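Undergrad: Model the structure of this input:
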Amino acid sequence: MTSSNRIKLSTMMFLEFFIWGAWFVTLGTFLVKDLNASGTQTSLAYLTQSIGAIIAPFIIGLIADRYFSAQKILGVLHIAGSILLWVASSAVGFDGFFPIIVVYMIVYMPTLALVNSVSFRQMANPAKEFPPIRVLGTIGWIVAGVIIGYLNWEQANQLSLTFKMASGASAILGVLSFFLPATPPVKRSGKVTVNEVLGLDALRLLKNKSYLLFFLSSIAICIPLAFYYNFTNLYLNEAGMKSAAAIQALGQVSETVFMLLIPVFFLKLGVKKMLAIGMLAWVLRYLFFSFGNVDANYWMLIMGIVLHGVCYDFFFVTGQIYTDALAGERFKSAAQGIITLATYGVGMMIGSLVSGPVVDAYITSEGHDWHIIWLIPAAIAAVVMLLFIIYFKDNNKQPQGIHESINEQR
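TA: Prediction:
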C-alpha cells in the first residue's frame, strides 16, 4: 500500500467514527434532558442503528459488490447524512426527532461496511495493515468526546450542537470519499441471481459451523452491548461524573492500544480465546458499573470504561478480520455487511427492545437504580460467554489467511 493511500484511508476512518461518536455517545442524555424522552423512547432512538444495519447488507450487496465503486457510494451516503444531521439538530420533541434519525441511520450504517471494504481491497495483508488504519477511527471517536467535554455541552444542555458538529464532519468525508482509492465492483461472469444481487450469497459462510456459532454469538453479545451504548452516558451523568463524554473517551484510548496489539494476540491466543476474552470483558465491565460510584468506588467506573478496548477489539475487530479471511475476494463487501447485520442489526435491535423497558422498570425518585440495571446485561454476557466456550470447537485454529499474514510479521 502506498503512503498516499494509507493517509487517505486513515483520514477516512478518523472521520467515519468521529461522525458517529460526535452525537451517539451523548444521545441518551440529549433525549432525556432536552426532549424529555423516556427510557423506552431512548431505546427506540438507538434502535434506528439496528434498522440501518439490517438494511445495510442489501445496499452493500446490490451496490458495492456488483454495480458501483464503493468509495463513490460512500461519498453520496455521507453527503446525504450531513443534511439529515443538520435537520436533526433543530428537531423539536421526540416525535420530530425520531423519523429523521431513522432515515439517517439507514444512510449511515452501510458506510461502516463500506469503509472496511474500501480498506480491505487495498491491502495485501489485512491482519497486519488493517489495525493501524482502523485505529484512526478510534482516535476520531476520542477526539469527538474530548471536544464535547471541553466545550461543556453536557452540563450546559447544548447537546444539539453535537449533531451540527457531526454534520460538518460528514460533509467533509462525503467530499473526501470521491478521492479515495478506486474500489470498483468485482467483475463476475455467469448469470446474476437474486441472492447475489442482494448480497445474500455471503450467507454461505454460515455453512461453516464455527463461523455459524460466532455469528450467533455476535447477535447475542450485542444484547448487553445495547445497555452500554444506550445508557452509559446517562448513568455517568446521574452518578455525578463531570465531563462524562470526555471521560468515556478513555474507552477509545484503551481500544487504540489493544487494536495495535491485535496481531500479537492472534499469534499467542488464536481466534477462540480472543473472542472469549472479549466476552469476559463485557461481564466485568457491567459488574464494575453495578458496584461503582463517584466516591470510594470511582475507580470501578473508570475500569468499566477502560475495559472497552478489550470488549470491542477482542470481539468485534477480531470478528471483522475473521470474516474477511473466510469470505474470499468475491464476497468481501457482502460478508462485512452480513456481520454488520448480525451485530448492529439483529443483536442491537433485541438489546434496545430489552434495555429500555428494564431501565424504565427501575426508575427512582433520584434517577434510576443502576446497581440492579447493570447486573442484567452482566448476566446475559456471562451466559453467552459460557455457551461460546463450550460449543466453539476451533480452539486456537485460525483461518489460513490470518495465519499466513501474521506469520509474515515475525
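Undergrad: Would you map the strands across the chain?
TA: Ranges of strands within the chain are 363-364, 367-368, based on DSSP state E.
Undergrad: Of the ones you listed, which stretch is the most buried?
TA: Sort the strands of the chain by mean neighbour count, taking mean count of other Cβ atoms under 10 Å, and strand 367-368 sits at the top with a mean of 17. Quick note: C-beta positions are derived from backbone N, CA and C, even for glycine.
Undergrad: Direction included, what does that strand pair against?
TA: When pairs are called by DSSP bridges, strand 367-368 turns out to pair with strand 363-364 (antiparallel).
Undergrad: Show residues contacting the strand it pairs with.
TA: residue 39 (Cβ atoms under 8 Å, 6 or more residues apart in numbering).
Undergrad: What's the local residue count around the closest residue to residue 54 other than its chain neighbours?
TA: Of all residues not flanking residue 54 in the chain, residue 345 sits nearest, at 4.1 Å (Cβ to Cβ, 6 or more residues apart in numbering). By other Cβ atoms under 10 Å, the residues close to residue 345 number 25.
Undergrad: any idea how far residue 345 is from residue 50?
TA: 5 Å (Cβ to Cβ, to the nearest Å).
Undergrad: Likewise for residue 275?
TA: Using Cβ to Cβ, one gets 22 Å for the distance from residue 275 to residue 50.
Undergrad: before we move on, back to that, would you list the strands of the chain in TSV and tack on mean pLDDT?
TA: Formatted as TSV, the strands of the chain follow (pLDDT from 0 to 100):
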stretch	mean pLDDT
strand 363-364	89
strand 367-368	87
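Undergrad: The ones you listed: which one's closest to residue 387?
TA: Ranking the strands of the chain by proximity to residue 387 (Cβ to Cβ) places strand 367-368 first, at 29.3 Å.
Undergrad: what does the closest one contact?
TA: Residues outside strand 367-368 that contact it (Cβ under 8 Å, 6+ apart): 235, 238, 359, 362.
Undergrad: Quick check: pLDDT value at the residue nearest to residue 54.
TA: What the model reports as pLDDT for residue 345 is 78.
Undergrad: Nearest residue to residue 114 in space, please, no chain neighbours.
TA: Closest residue to residue 114 apart from its sequence neighbours, by Cβ to Cβ, 6+ apart: residue 74 at 4.7 Å.
Undergrad: How about residue 301?
TA: Excluding the flanking residues, the one nearest residue 301 by Cβ to Cβ, 6+ apart is residue 292, at 4.2 Å.
Undergrad: ok, how many other residues are close to that neighbour?
TA: Applying other Cβ under 10 Å, we find 25 residues neighbouring residue 292.
Undergrad: shouldn't it be in contact with residue 304?
TA: Yes: Residue 292 is within contact range of residue 304, at 6.3 Å (criterion: Cβ atoms under 8 Å).
Undergrad: Around the residue nearest to residue 114, how many other residues sit close by?
TA: Neighbour tally, residue 74, other Cβ under 10 Å: 27.
Undergrad: Check residue 391 too.
TA: Using other Cβ under 10 Å, residue 391 has 12 other residues around it.
Undergrad: show me the contacts for the nearest residue to it once chain neighbours are set aside.
TA: Once flanking residues are discounted, residue 391 sits nearest to residue 213: 5.8 Å by Cβ to Cβ, 6+ apart. Contact analysis of residue 213 by Cβ under 8 Å, 6+ apart lists 388, 391, 392.
Undergrad: quick one: residue 213 from residue 389, how far?
TA: Using Cβ to Cβ, residue 213 is found at 11 Å from residue 389.
Undergrad: Likewise for residue 90?
TA: Going from residue 90 to residue 389 by Cβ to Cβ gives 49 Å.
Undergrad: Likewise for residue 7?
TA: Separation of residue 7 from residue 389 (Cβ to Cβ): 41 Å.
Undergrad: Quick check: phi and psi at the residue nearest to residue 184 when sequence neighbours are not counted.
TA: The shortest distance from residue 184 to any non-neighbouring residue, by Cβ to Cβ, 6+ apart, is to residue 69 (5.1 Å). Residue 69 adopts backbone torsions of phi -70, psi 140, taken as degrees, to the nearest 10.
Undergrad: mind checking how far residue 69 is from residue 119?
TA: Residue 69 sits 14 Å away from residue 119, taking Cβ to Cβ as the criterion.
Undergrad: same check, this time on residue 236
TA: For residue 236 relative to residue 119 (Cβ to Cβ), the value is 32 Å.
Undergrad: Low-confidence bits of the chain, can you list those?
TA: For the chain, applying pLDDT under 70 flags the ranges 56-66, 186-202, 328-333, 337, 394-410.
Undergrad: any idea which residue sits dead centre in it?
TA: Nearest residue to the geometric centre of the chain (Cα atoms, centre = their mean): residue 344, 6.8 Å.
Undergrad: Residue 269: how many residues sit nearby?
TA: 17.
Undergrad: so it sits right up against residue 277, yeah?
TA: Yes: between residue 269 and residue 277 there is a contact under Cβ under 8 Å: 7.3 Å.
Undergrad: for the stretch 51-200 of the chain, what spans make up the helices?
TA: Ranges of helices in the stretch 51-200 of the chain, per DSSP state H, counting those that start in this stretch, are 70-88, 94-121, 126-150, 160-177, 194-197.
Undergrad: Turn these into a markdown table, columns for distance to residue 327.
TA: A markdown table is the format used below for these (distance: least, Cβ to Cβ, whole Å):
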| stretch | distance to residue 327 |
| --- | --- |
| helix 70-88 | 15 |
| helix 94-121 | 9 |
| helix 126-150 | 11 |
| helix 160-177 | 23 |
| helix 194-197 | 14 |
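Undergrad: sorry, back to before: so who does the residue nearest to residue 301 touch?
TA: Residue 292 makes contacts with 239, 298, 299, 300, 301, 303, 304, as judged by Cβ under 8 Å, 6+ apart.
Undergrad: Against residue 335, how distant is residue 204?
TA: Using Cβ to Cβ, we find residue 204 at a distance of 10 Å from residue 335.
Undergrad: Between those two, which has more neighbouring residues?
TA: Between residue 204 and residue 335, residue 335 has the larger neighbour count (other Cβ under 10 Å), namely 32 against 14.
Undergrad: Pull the contacting residues for that one.
TA: Listed by Cβ under 8 Å, 6+ apart, the contact partners of residue 335 are 202, 205, 323, 324, 326, 327.
Undergrad: By neighbour count, which of those residues wins?
TA: Neighbour counts for the contacts of residue 335 were taken using other Cβ under 10 Å; the highest belongs to residue 202, with 29 neighbours.
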